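Sequence first, then the predicted structure, then my questions.
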Amino acid sequence: MARKYIDCREFPSEKKCSVTIAADSESELLDVAAQHAVKVHGHEDTPQLRQQLKGAMHEGRPPE
């Protein structure tokens, strides 16, 4: 099973967040990324947010 990751640098924000989150499963990554989006960026945890996060997932290791 390939690791999956979301790189916050792909989303423009005032905070210029450089966090990358990785996990072995899509569901684990989705939960942690949603928590990050809510706590750090002030989003609401909605189905639309989770759908957007799913679309931002990549397989493999994040770039350096």
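Here it is on my side, so go on.

ok, Glu44 - contacts?
Going by CB atoms under 8 Å, 6 or more residues apart in numbering, Glu44 touches Val38. Placement of C-beta: from N, CA and C, glycine included.

Would you verify that it is located in a helix?
No: using DSSP: H, G, I helix; E, B strand; the rest coil, the secondary structure at Glu44 is coil, not a helix.

Phi, psi for Leu49 please.
For Leu49, the backbone dihedrals (degrees, to the nearest 10) come out as phi -60, psi -50.

Local confidence estimate at the residue lying closest to it once chain neighbours are set aside?
Using CB to CB, 6 or more residues apart in numbering and skipping residues adjacent in sequence, the residue nearest Leu49 is His43, 5.5 Å away. Confidence at His43, expressed as pLDDT, is 95.

buried set for the longest helix seen in the chain?
Criterion DSSP state H: the longest helix present in the chain is helix 26-39. By 16 or more other CB atoms under 10 Å, the buried positions in helix 26-39 come out as Leu29, Leu30, Ala33, Ala34, His36, Ala37.

Pull the contacting residues for the second one.
The reference is to Leu30. By CB under 8 Å, 6+ apart, the residues touching Leu30 are Arg50, Leu53, Lys54, Met57.
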